[in-house]
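Novice: predicted structure and sequence below. I'll ask about it afterward.
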Amino acid sequence: MRLVPLCLLLAACASTANLPPGEKIGEPVEPREIVHYAVVEADPPAFFEKTLLVEADVLAVCQNKGCWMLIEDGGRVAMVRWFTECGGKYAFPKDLAGKRVLIQGNCYPKKLTADDVAHYSQEAGRELDIPLDGYEINASAIVVLD
């Protein structure tokens, strides 16, 4: 009986060691399969209500409070927000644009308005091209890979 907990502990440690190195921000990153965002958006319902570890490039970050970032992978974009909301416990570093990240979180559909896109563009300090019908990831942690 004592072998089972020991095996589970060793498996968890081995999986954690497989995470790429990088600066971790947020909650502890749980070991799991890494999936590219383009794969998620190709079949979004298959990923709803699951905690994911998503890999993508950062296009823009909120320059006010670091409460959101825009990611891209394979030509597909999504908004990412902290699960603690704007001004919460964590913030995305404002210099993340152009870097590759892993995002631990949940993906769900998100509708934006033209006013929302204008607001995000203002906070990013430049014009952003964000689809009005898209997806958002509610992040609990990120790993900055670059």
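Specialist: On my side now, so go ahead. Numbers count the residues shown, from 1 in each chain.
Novice: element containing Glu41, please.
Specialist: helix 37-42 (DSSP states H and E).
Novice: ugh, wrong one, Pro21
Specialist: Here Pro21 sits in a region with no helix or strand, counting by DSSP H and E.
Novice: tell me the spacing between it and Val143.
Specialist: 8 Å (CB to CB, to the nearest Å). Where C-beta positions appear, they are placed from N, C-alpha and C, glycine not excepted.
Novice: likewise Glu123?
Specialist: Glu123 sits 24 Å away from Val143, going by CB to CB.
Novice: surely Gly66 is in contact with Lys89?
Specialist: No - between Gly66 and Lys89 there is no contact under CB atoms under 8 Å: 11.7 Å.
Novice: any idea of the mean pLDDT for stretch 123-136?
Specialist: Per-region confidence: stretch 123-136 scores 95 on mean pLDDT.
Novice: which one is the residue nearest in space to the middle of the chain nearest to, not counting chain neighbours?
Specialist: By CA atoms, centre = their mean, the mean C-alpha position of the chain lies nearest to Ile103, the distance being 3.1 Å. Closest residue in space to Ile103, ignoring its immediate chain neighbours: Val54 at 4.6 Å, by CB to CB, 6 or more residues apart in numbering.
Novice: same check, this time on Gly75
Specialist: Leaving aside its sequence neighbours, Gly75 sits nearest to Ala38 (CB to CB, 6+ apart; 7.2 Å).
Novice: where does that neighbour land on pLDDT?
Specialist: pLDDT for Ala38: 95.
Novice: same question, the one 4 residues further on
Specialist: At Ala42 the predicted local confidence, pLDDT, stands at 94.
Novice: would you mind listing the buried residues in stretch 135-146?
Specialist: Within stretch 135-146, the residues that count as buried by 16 or more other CB atoms under 10 Å are 135-144.
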